[in-house]
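> structure, please.
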Amino acid sequence: MTVTESVPKSAPPAKPPTAPESPDTLMTYTELAAVTGLKLGTLYAMVNRGDIPHLRLGRRLVRFRKYEIKAWLDERSVPAAKEVA
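Numbering: from 1, shown residues only. Below you'll find the model as predicted:
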């Protein structure tokens with residue numbers, strides 16, 4: 001094979017199949033921050049105060065159930081104000 005001949009490139013490795021996301025999916029602080037737009041420090045403080053539903057799986061290991069966070073956010077939803085005619 002000469003330098004000018006092209007070597008066939010193989011396809012990129014396929015990603016392993018992932019399980020469909022269930023409502024019981026656990027999220028990390030970083031994932032929750034991305035979903036809510038809250039800063040990590042704010043989330044740490046909220047967990048410390050017990051203001052947000054969470055699971056403490058170890059002394060320093062905290063996770064959040066996706067369905068509990070969705071319900072928690074829904075409770076805080078404020079309906080749009082009616083337009084005055």
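
> okay, Phe64: pLDDT?
pLDDT recorded at Phe64 is 97.

> run the chain-centre distance for stretch 74-85.
Remark: stretch 74-85 is offset 26 Å from the chain centroid, using C-alpha atoms, centre = their mean, to the nearest Å.

> what helix or strand does the one residue sitting closest to the centre of the chain sit in?
Centroid-nearest residue in the chain, with C-alpha atoms, centre = their mean: Glu31, separated by 3.2 Å. Following DSSP states H and E, one finds Glu31 within helix 29-36.

> what comes into contact with that helix?
Met27, Leu38, Lys39, Leu40, Leu43, Tyr44, Val62, Phe64, Ile69, Leu73 (C-beta atoms under 8 Å, 6 or more residues apart in numbering). Every C-beta, even on glycine, is put in place using the N, C-alpha and C of the backbone.

> from those residues, pick the one nearest Arg56.
Val62 (5.6 Å; C-beta to C-beta).

> ok, back up a step: quickly note the distance from the residue nearest to the centre of the chain to His54.
13 Å (C-beta to C-beta, to the nearest Å).

> shared neighbours, the two?
Phe64.

> about what we covered before: in the helix holding Glu31, which residues are buried?
Neighbour counts over helix 29-36 (16 or more other C-beta atoms under 10 Å) mark Tyr29, Leu32, Ala33, Thr36 as buried.
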